[in-house]
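Asks: from the sequence below, what's the structure:
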Amino acid sequence: MLPQAILSLMLAAGPQPGRSIYSVVVVPHTSEPACAEPSLLCAPPKWSEDWQGFTRPETRDEGMRRYWVIAQAIAQAAPKSKRLRSLLLAVTMHESGWRRDVHSGIGPAAQGDQGRSWGMGQALLGVGSEQGKALVGVSQEATNRCIDHTANNLQRASRYCVRQAGSAGVRCIFGIYGGLSADTKHKGVLKRVNSFHRFSAKPAPLAAEVTELLGLDDVG
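Replies: Sure, this is the predicted structure:
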């Protein structure tokens with residue numbers, strides 16, 4: 001199934017879930033650390049003004065379930081276009097690292113460009129933007145809105161590249177999406193191009209432990 005294939009690509013070519021200190025979850029203040037060995041990722045809960053609760057780093061299983069939400073949103077936004085799916089994976093990975101703070105819109109580093117950019121696609125909508133606020137949140141509905149908005153912006157950039165720049169290349173698309181020129185050689189754009197090609201590879205079946213965690217029967 002398509003969402004499984006997308007999740008497989010995320011795990012093969014992107015940051016692994018449960019490995020970011022920026023991805024935190026709210027827990028009771030009496031909760032134990034998520035693992036035995038003390039580290040930044042296994043710290044006891046601490047108070048967060050941003051979350052208005054006690055938080056600890058997201059575990060791998062919690063992160064995997066959240067990645068599954070993202071994979072389903074991408075499958076819904078681009079059910080028939082492998083190219084668009086690869087563009088979405090590359091943009092959202094590089095713009096957000098698929099971190100929970102950016103996904104949720106909560107935390108000092110959740111909005112880029114001094115608070116003007118929102119969501120996993122870092123849409124430049126302005127500080128306090130109501131439209132931007134609708135693009136953040138870890139629910140399936142909010143994630144769908146974010147991915148749909150990112151897909152629309154990528155498709156708009158693609159049309160510009162074909163009509164104005166005479167190019168259908170992904171370097172042009174990433175450049176225009178990022179507010180740069182059609183022929184840019186910015187290193188960030190080139191990294192996105194490389195990621196696009198990795199995400200265009202044939203996905204491997206998900207590991208049994210992942211399908212079991214997510215309650216999936218079909219591993220294809």
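Asks: for stretch 61-73, buried residues please.
Replies: By neighbour count, with 16 or more other C-beta atoms under 10 Å as the criterion, the buried positions of stretch 61-73 are 62-73. For glycine as for every other residue, the C-beta is placed from the backbone atoms N, C-alpha and C.
Asks: can you check stretch 27-39 too?
Replies: Ala34.
Asks: quick one: average pLDDT of that stretch?
Replies: On average, the pLDDT along stretch 27-39 is 86.
Asks: what residues does it touch?
Replies: Residues lying outside stretch 27-39 but in contact with it, judged by C-beta atoms under 8 Å, 6 or more residues apart in numbering, are 41-45, 47, 53-57, 59.
Asks: who wins for neighbours among those residues?
Replies: When those are compared by neighbour count (other C-beta atoms under 10 Å), Pro57 ends up highest, at 24 neighbours.
Asks: bridged to that one, which residues?
Replies: With DSSP bridges as the criterion, the beta-bridge partners of Pro57 are Val24.
Asks: hang on, isn't it packed against Ile21?
Replies: Yes. The pair formed by Pro57 and Ile21 meets the contact definition of C-beta atoms under 8 Å, at 5.8 Å.
Asks: joint contacts of the two?
Replies: Taking C-beta under 8 Å, 6+ apart as the contact definition, Pro57 and Ile21 share the neighbouring residues 40-41.
Asks: buried residues of the host helix or strand of Arg145, list them for me.
Replies: Secondary structure assignment for Arg145, by DSSP states H and E: helix 140-163. In terms of neighbour count (16+ other C-beta under 10 Å), helix 140-163 has its buried residues at 142-151, 153-154, 157-158, 160-161.
Asks: follow-up on the earlier one: and the buried residues of stretch 61-73, which two are furthest apart?
Replies: The two members of these with the most space between them (C-beta to C-beta) are Glu62 and Ala73, at 17.5 Å.
Asks: can you put the buried residues of stretch 61-73 in CSV and add secondary structure and pLDDT?
Replies: What follows is these, written out as CSV (DSSP: H, G, I helix; E, B strand; the rest coil; pLDDT from 0 to 100):
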residue, secondary structure, pLDDT
Glu62, helix, 97
Gly63, helix, 98
Met64, helix, 98
Arg65, helix, 98
Arg66, helix, 98
Tyr67, helix, 98
Trp68, helix, 98
Val69, helix, 98
Ile70, helix, 98
Ala71, helix, 98
Gln72, helix, 98
Ala73, helix, 98
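Asks: CSV please, covering these and showing distance to Leu190.
Replies: Shown next, in CSV, are the buried residues of stretch 61-73 (distance: C-beta to C-beta, whole Å):
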residue, distance to Leu190
Glu62, 33
Gly63, 28
Met64, 30
Arg65, 32
Arg66, 28
Tyr67, 25
Trp68, 30
Val69, 29
Ile70, 24
Ala71, 25
Gln72, 29
Ala73, 26
